[in-house]
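Enquirer: Everything below, folded, please.
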Amino acid sequence: MKKDYLYNEIADNIANKINSGVLKADEKLPSVRNLSAEHGISINTAKRIFLELEGRSLIRSKPQSGYFVSPPNYLQLPLAAASQPIPIANNREPDQLMNKVYSTMGRRDLTLFSIGVPSGSLLPTAKLKKEIVLATQELSDGGTAYEPLQGNIKLRRMVAVRSLAWGGNLNEDEVVTTNGCMNALVLCLMALTKPGDTLALESPCYPGILQLAVSLGLKVLEIATDPITGIDIEALKKLLPEIKVCLLVPNFNTPLGYCMPDENKRKIVSLLAKHHIPLIEDDTYGDLHFGTQRPKCCKSFDLDGNVLWCGSVSKTLAPGFRVGWVAPGKYKEQIIKLKLIHSLSSTAIINEAVGNFLLTGKYENHLRKLRRSLTENYQQYAAIIADHFPEGTKISRPQGGLALWVEFPKHIDTGKLYNYALKLQISISPGRIFTLQDQFHHCMRLCIGLPWSNELALKLKQLGKLAKALQ
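Expert: Predicted structure coming up:
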C-alpha cells in the first residue's frame, strides 16, 4: 500500500507541475535512474511512473534522449473572453430553456454533458453503503430520532477539522448542517434579504443560484468576471451602493472553473465588510483542485464574521445524499432559527455516515482519485475540442471543479445546438441559462465529471461536427 501511495504521489506531483506550468512544454525530465535515486524507489517503479504520465499524454519519450513534457493541446485554443454584463439589476430568467436542460437529469439514455455532478462510476458507492450500515449501528436509536438542531456533531467536527487546510480555523460550534449546499444558500439569503433587494453575482453564474434569487424576489446584479481571476473588483466597487448582499463562488466556480487569487479574496472580504455588505461564499467545488494545494476561501480572511461560508459533498462524494453545511459567522442565530422553521433536522443516518467517511480518511483518498480523473478529462476534452470543433472556438482554463466553458464564434447559437445534439442522445448546457441577461448565446458548459471512454470521445466529436454545421 505504501509503495502504491508513493507511486501515485510522485506521478501526481509531476502531473501537477506540468498542468500548472512549472514544467514547461518540451522540457526534459529526469532520467529513470535519477528519478529512482531521488525518491528512493526501484527502477521498475520509476519506469511505471513515466509510463503512467505518458498514458495521460503529459509526457512523451524520444529514443536515446529520454522523456520530455508534451505541449498541452488546450494551449492551442484561445482563452474564453471576460464577461461584460450590463450593470443593471433584473430578475428575468430563461425559464423555457432552463427547464428543458434540467428535465434531462437522471436520464440514462443520454450523454449528460449538461449536469454538473461527477458520474456515479467515479464515486465510492460500495464504501458509502457500508458507512450507512455502520451509522445505523452506531447511533443509539438507529437513526430514527431527530438530530440536534445545529446538526450531527461528528460531521460538524470533521468540517471544522478540514477547514484547517485552507486557514478557516473553525470549530464545530461555528458550523450548521443543511440539506445540501443549495439549502445553505437558501437559508443565508432568507436571513439577509427581503424581496426587492439586490444580490450581486458573478457572470456567468450557476443557474440554480439565479433561479433561487428570482424565486425569493431579489434583483440580480451581474458583475463582470474574468475567466482566470474571477469577479472584477473595480466593477464591483462602482456598484456597491446598489448591493444588499454578495454571493460568490471563488474556488472553481461553474461554469468558468477559475480560482480567485488569494489577494483578490482578501480585498473583496475587506471591501464588503467596510460597506457592511454580507458575503455568502459557495465553496462546493473547493476540494476539487487540479493543483497540489487546496485553495484558501474568502472565509480564510474574515475578521468579523461577515462571510457565510457554505459547502457540501454534493459535487465530490454523493449528490443524492444532500449533505451540506454553513459557517454563518455573526449570522448564526438567524440561520438556526430559519433551519428550525424550514427543515428542523437533517437525515441522521446519512450525516453520521458522511461524518465517519471524513473521519477515517477515506474521503481524502477518494478525492485524490477523483481530482486526477477530472484533470485528465479536462485535458482529453480540450484535445478533442482543439481538433474537432469550429475554428475560432475558445475555452476556459479551469483550475479545478467539474466544468469546462466553451465559447464558439458568435454566429453559433448553442440553444439550437442543444436541440440538434439531443437527437444524438447528447445533452449540453447552453450559455444563456447562466445569466439573466441577453448574453452567452454562443457559449456552453460541458461537465467533465463523466468517465472517459471511446464512446465519450465520439460524442464530443459529434458535438463538434454539429457545431460546424451551424456555421
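
Enquirer: And residue 54, how far from residue 61?
Expert: As judged by C-beta to C-beta, to the nearest Å, residue 54 and residue 61 stand 7 Å apart. Yep, even glycine has a C-beta here, placed from its N, CA and C like the rest.

Enquirer: okay, and the common contacts of these two?
Expert: Residues touching both residue 54 and residue 61 (C-beta atoms under 8 Å, 6 or more residues apart in numbering): residue 67.

Enquirer: Which residues are in contact with residue 127?
Expert: Listed by C-beta under 8 Å, 6+ apart, the contact set of residue 127 reads 357, 362, 366.

Enquirer: hang on, it in a strand?
Expert: No: looking at residue 127 with DSSP: H, G, I helix; E, B strand; the rest coil, it is helix, so not inside a strand.

Enquirer: per-residue confidence at it?
Expert: Per-residue confidence at residue 127 stands at 96 (pLDDT).

Enquirer: can you start the count at 59 instead of 1 from here on
Expert: Understood, numbering begins at 59; the last thing we discussed is residue 185.

Enquirer: what about dumping the CA coordinates of the helix or strand of the chain with the lowest mean pLDDT to CSV?
Expert: Least confident element among the helices and strands of the chain, by mean pLDDT, DSSP states H and E: helix 60-77 (a mean of 76). What follows is helix 60-77, C-alpha atoms only, in CSV (Å, rounded to 0.1, in the frame of the first residue of the first chain):
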residue,chain,number,x,y,z
LYS,A,60,2.8,2.4,0.9
LYS,A,61,4.6,1.7,-2.4
ASP,A,62,1.4,2.3,-4.4
TYR,A,63,0.7,5.5,-2.5
LEU,A,64,4.3,6.8,-3.1
TYR,A,65,4.0,5.8,-6.8
ASN,A,66,0.7,7.8,-7.1
GLU,A,67,2.1,10.7,-5.1
ILE,A,68,5.2,11.1,-7.3
ALA,A,69,3.2,10.7,-10.6
ASP,A,70,0.6,13.2,-9.4
ASN,A,71,3.3,15.7,-8.3
ILE,A,72,4.9,15.6,-11.7
ALA,A,73,1.5,15.9,-13.4
ASN,A,74,0.6,18.9,-11.3
LYS,A,75,3.8,20.6,-12.1
ILE,A,76,3.1,20.1,-15.8
ASN,A,77,-0.5,21.3,-15.6
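
Enquirer: need the next SSE after it, C-terminal direction.
Expert: With elements assigned by DSSP states H and E, the helix or strand that comes after helix 60-77 is helix 90-97.

Enquirer: Compute the inter-axis angle for that following helix and helix 60-77.
Expert: 110 degrees (axes from the mean of the first three to the mean of the last three C-alpha atoms, to 10 degrees).

Enquirer: Just the buried residues of the next helix or strand along the chain from helix 90-97, please?
Expert: Toward the C-terminus, helix 90-97 is succeeded by helix 101-113 as the next helix or strand (DSSP H and E). For helix 101-113, a neighbour-count test (16 or more other C-beta atoms under 10 Å) marks 103-104, 106-108, 110-111 as buried.
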